[in-house]
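In: Got a sequence here, can you build the structure:
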Amino acid sequence: MAKKTIVLGASENPSRYSFLAVNRLRANGHPVVAIGNRKGQIGDTTIVTEHPPEEGVDTITLYLNPQLQQQYYDYIFSVKPKRIIFNPGTENEELEELAKEKGIEPVEACTLVLLSTGQY
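Out: As a prediction, this is how the structure comes out:
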């Protein structure tokens, strides 16, 4: 089943994990909203810098360090995801607790591993 996913911290740099995640999510048939610091393109996915209102978001996958995540808290909660994936290096106890309070499942995992093992 396709899971609409927001990639926070998307980058056009092919060596970045967020770049690989967008490509693998799309290859697995998941609709992706890519949000980054700079506008750009990853395959057929446009990277936007604004915070578009979204409906039906299943997952937000984070590629931002905890300090950079804070500016996105309101946005994250406004789109009401079912879960937030904290990729390695993005773990954030504060955001995980806030998510739990709002009924959002925090998951400390690697999006790429979840996809490759069929657990996404």
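In: which residues sit in contact with V7?
Out: V7 makes contact with S18, A21, V22, L25, V32, V33, A34, I35, T61, Y63, according to Cβ atoms under 8 Å, 6 or more residues apart in numbering. Just so you know, the C-beta spots here come from the backbone N, C-alpha and C atoms, and that holds for glycine as well.
In: ok so it is a helix residue?
Out: No. V7 is assigned strand when assessed by DSSP: H, G, I helix; E, B strand; the rest coil, not a helix.
In: Please tell me how far it sits from E101.
Out: Using Cβ to Cβ, to the nearest Å, V7 is found at 24 Å from E101.
In: Q69 touches L95, doesn't it?
Out: Yes. With contacts counted by Cβ atoms under 8 Å, Q69 reaches L95, the gap being 5.8 Å.
In: who has more neighbours, those two?
Out: L95 (22 against 19; other Cβ atoms under 10 Å).
In: ok, and for the helix or strand that contains that one, which residues are buried?
Out: Using DSSP states H and E, L95 falls within helix 93-101. If you call a residue buried by 16 or more other Cβ atoms under 10 Å, then helix 93-101 has these buried ones: L95, E96, L98, A99.
In: Which strands and helices lie in contact with the lengthiest helix in the chain?
Out: Longest helix of the chain, by residue count under DSSP state H: helix 17-27. For helix 17-27, the helices and strands in contact under the criterion 3 or more Cβ pairs under 8 Å, 6 or more residues apart in numbering; DSSP states H and E are strand 5-8, strand 32-35, strand 40-42, helix 111-116.
In: Nothing else from me, thank you.
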